[in-house]
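Participant: okay, predicted coordinates and the sequence, questions at the end:
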Amino acid sequence: MITVDDATALVLGLARPPVAEEIAIGEALGRVMIAPAVARLTQPPFDSAAMDGYALRSADLPGPLEVIGTSSAGHPWDGTPRPGTAIRIFTGAPVPAGYDRVVMQEIVTREGDRIAVGPVTANVNIRLRGNDFAEGAEFLPRRPLAPSDLALLAAMNVPRISVARRPIVAVMAGGDELVRPGEIPGPGQIICSNDLAIAGLAREVGAEARILPIARDTEESLREGFALAEGADLVVTIGGASVGDHDLIAKVSGDLGMERAFYKLAMRPGKPLMAGRMGAAAMLGLPGNPVSSIVCAKLFMQPLLLAMQGLSPRHQPRRARLTAALPPEGDRQHYQRARLTAGPDLPGISAFADQDSARLGLLAEADALLIRPAHDPAREIGEIVEYLPLHG
Ligand SMILES: Nc1nc2c(c(=O)[nH]1)N[C@H]1C(S)=C(S)[C@@H](COP(=O)(O)OP(=O)(O)OC[C@H]3O[C@@H](n4cnc5c(N)ncnc54)[C@H](O)[C@@H]3O)O[C@H]1N2
Ligand code: MOO
């Protein structure tokens, strides 16, 4: 069995270079840019007022001053500046040339066209032209686009951008025991839950996910499923990965020419994970146990999908202090569902006593996956451990 680190490197190696497509920025949330956006204008395009108040000359303070015009957003003042005067001005409006300071109206007393100004601060309340970015500035964040990035692209007057095409993921659950949510399970049957989670995890990182019909435990049904996955960049199977008589994924994918990168790794949950390449597509065979499939998808499928969009994803484990002791670990790296609490320096963390990989309820209650390296010795309360956050 290979280590989680080696398996991660092999999975990321399955990614082909991204294919570019051009889209409108309104459609770009969560997408990954692959060519820089170039600002078409300078921002702000003119020296602009940061406050509602009066534009004036510092040399004329403390006044009194004569108000000789108004500059509001979208309506610049086009008069001639002169000493001893002020311009009524509003936030975002151009500061007329010849005036070097904006004072807030709260420190001004006005009578007719005359103003007296109270004590001013060091801040001149003017946003200088180009203080945000200049025409020609480039923007290429190496992460999926956030809402604030869309605002920046809009401000740069870049309406369309070049992004990585969404990877297409075909998700195939398999098992004679599985029926769809809402159906009435017969004897020995359960509801198929995992494919929804795996498709959701794929969409979370910008992929387009197609959920295939549930495959039955026959070679023929699995072959039909793989045929339906034609055209996908990644085929993800769920279940049938282990050693039971009905665990046929390794056999059928092998018959169909899957070049295996690895099968089985020293990880808990998730030991029977397999990965490889089937023709033009990458393939991940996830274990069937619900928690195992979700943990494997978070650890391997999501980074692979980000790599397919040209990113170099890395899990960034965080540190916490144990609030409950842990027994020695076995020969697999263990991702334990755990609860986080506030702590004086680092957060506190405690693993649930039951780590049954079929219990989705415990996954919903967990805040984090506590990472225990293989053969980790017993740990005491207060020791520092690593974890991956689960929600958000
Ligand atoms: N003799 C051994 N038995 C098992 C081993 C082993 O090494 N030797 N490994 C265990 C481990 S670890 C895991 S994980 C499971 C995974 O096995 P499979 O990938 O073959 O999964 P299945 O047997 O098909 O299913 C396991 C479990 O999960 C349920 N399941 C499957 N698909 C879904 C779905 N889409 N939605 C909800 N639940 C699903 C299935 O009904 C089973 O209960 O093997 C151990 N056994
Ligand atoms: O992936 Mo298995 O859950 O190690 O039970």
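Facilitator: Received it, and whenever you're ready, just let me know what you need. Ligands and ions are numbered 1, 2, ... in the order given.
Participant: rest of the way, CA atoms for contacts and neighbours
Facilitator: OK.
Participant: can you tell me the closest non-neighbouring residue to the residue in the stretch 1-150 of the chain that ligand 1 sits nearest to?
Facilitator: Residue of the stretch 1-150 of the chain nearest ligand 1, by C-alpha to the nearest ligand atom: M1 (11.4 Å). Nearest-residue entry for M1: L265, 4.6 Å, with adjacent residues in sequence omitted and distances by C-alpha to C-alpha, 6 or more residues apart in numbering.
Participant: and this structure, what are its domain boundaries?
Facilitator: Domain assignment of the chain by automatic domain parsing yields the ranges 4-18+165-308, 22-43+136-164, 48-127, 318-389.
Participant: quick check, L311 in a strand?
Facilitator: No: checked against DSSP: H, G, I helix; E, B strand; the rest coil, L311 lies outside a strand; its state is coil.
Participant: ok, it touching R142?
Facilitator: Yes: L311 is within contact range of R142, at 6.5 Å (criterion: C-alpha atoms under 8 Å).
Participant: is S148 in a helix, a strand, or coil?
Facilitator: Note that with three-state DSSP, the state of S148 is helix.
Participant: and for G244?
Facilitator: Recorded secondary structure, G244: coil (three-state DSSP).
Participant: burial count for it?
Facilitator: 8 (other C-alpha atoms under 10 Å).
Participant: ok so, going back, in a markdown table: the domains of the chain, plus mean pLDDT.
Facilitator: Output for the domains of the chain, formatted as a markdown table (pLDDT from 0 to 100):
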| stretch | mean pLDDT |
| --- | --- |
| domain 4-18+165-308 | 96 |
| domain 22-43+136-164 | 97 |
| domain 48-127 | 96 |
| domain 318-389 | 97 |
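Participant: quick one on the thing from earlier: intersection of neighbour lists for L311 and R142?
Facilitator: V32 (C-alpha atoms under 8 Å, 6 or more residues apart in numbering).
Participant: so which of these two has more stuff around it?
Facilitator: Neighbour count, other C-alpha under 10 Å: between L311 and R142, L311 has more, with 20 against 13.
Participant: for that one, what are its contacts?
Facilitator: Taking C-alpha under 8 Å, 6+ apart as the criterion, L311 is in contact with 32, 142-143.
Participant: over to A374?
Facilitator: By C-alpha under 8 Å, 6+ apart, the contact set of A374 is 266, 329-334.
Participant: please flag which of those residues sit within strands.
Facilitator: Under the assignment DSSP state E, these contribute 333-334 to strands.
Participant: which members of the contacts of A374 are the farthest-apart pair?
Facilitator: Within those, A266 and E329 form the most distant pair, 12.0 Å apart (C-alpha to C-alpha).
Participant: how many other residues sit next to the residue of the stretch 1-150 of the chain closest to ligand 1?
Facilitator: By other C-alpha under 10 Å, neighbour count at M1 equals 13.
Participant: list the contacts of it.
Facilitator: Neighbouring residues of M1 by C-alpha under 8 Å, 6+ apart: 263-266.
Participant: restrict the residues you listed to contacts with ligand 1.
Facilitator: Among the contacts of M1, not one lies near ligand 1 by C-alpha under 6 Å from any ligand atom.
Participant: quick check, nearest of those to T237?
Facilitator: Nearest to T237 among those is Y263, at 13.5 Å by C-alpha to C-alpha.
Participant: could you give the bridge partners of the closest residue to that closest one other than its chain neighbours?
Facilitator: Among residues not flanking Y263 along the chain, M274 sits closest, at 4.2 Å (C-alpha to C-alpha, 6+ apart). For M274, the beta-bridge partners under DSSP bridges are Y263, G285.
Participant: hmm, back to that, the residue nearest to M1: neighbour count?
Facilitator: By other C-alpha under 10 Å, the residues close to L265 number 21.
Participant: hmm, it is touching A275, no?
Facilitator: No: with contacts counted by C-alpha under 8 Å, L265 stays clear of A275, the gap being 10.5 Å.
Participant: and the strands in the stretch 101-250 of the chain, which stretches?
Facilitator: Using DSSP state E, counting those that start in this stretch, the strands found in the stretch 101-250 of the chain span residues 101-104, 108-111, 114-117, 126-127, 138-139, 160-164, 168-173, 178-179, 190-191, 208-211, 234-238.
Participant: for those, which one sits closest to F90?
Facilitator: Judging the strands of the stretch 101-250 of the chain by C-alpha to C-alpha, what sits closest to F90 is strand 101-104, at 9.5 Å.
Participant: OK, contacts around the closest residue to A199 other than its chain neighbours?
Facilitator: Leaving aside its chain neighbours, A199 sits nearest to A209 (5.3 Å; criterion: C-alpha to C-alpha, 6+ apart). Contact analysis of A209 by C-alpha under 8 Å, 6+ apart lists 168-171, 199-200, 202-203.
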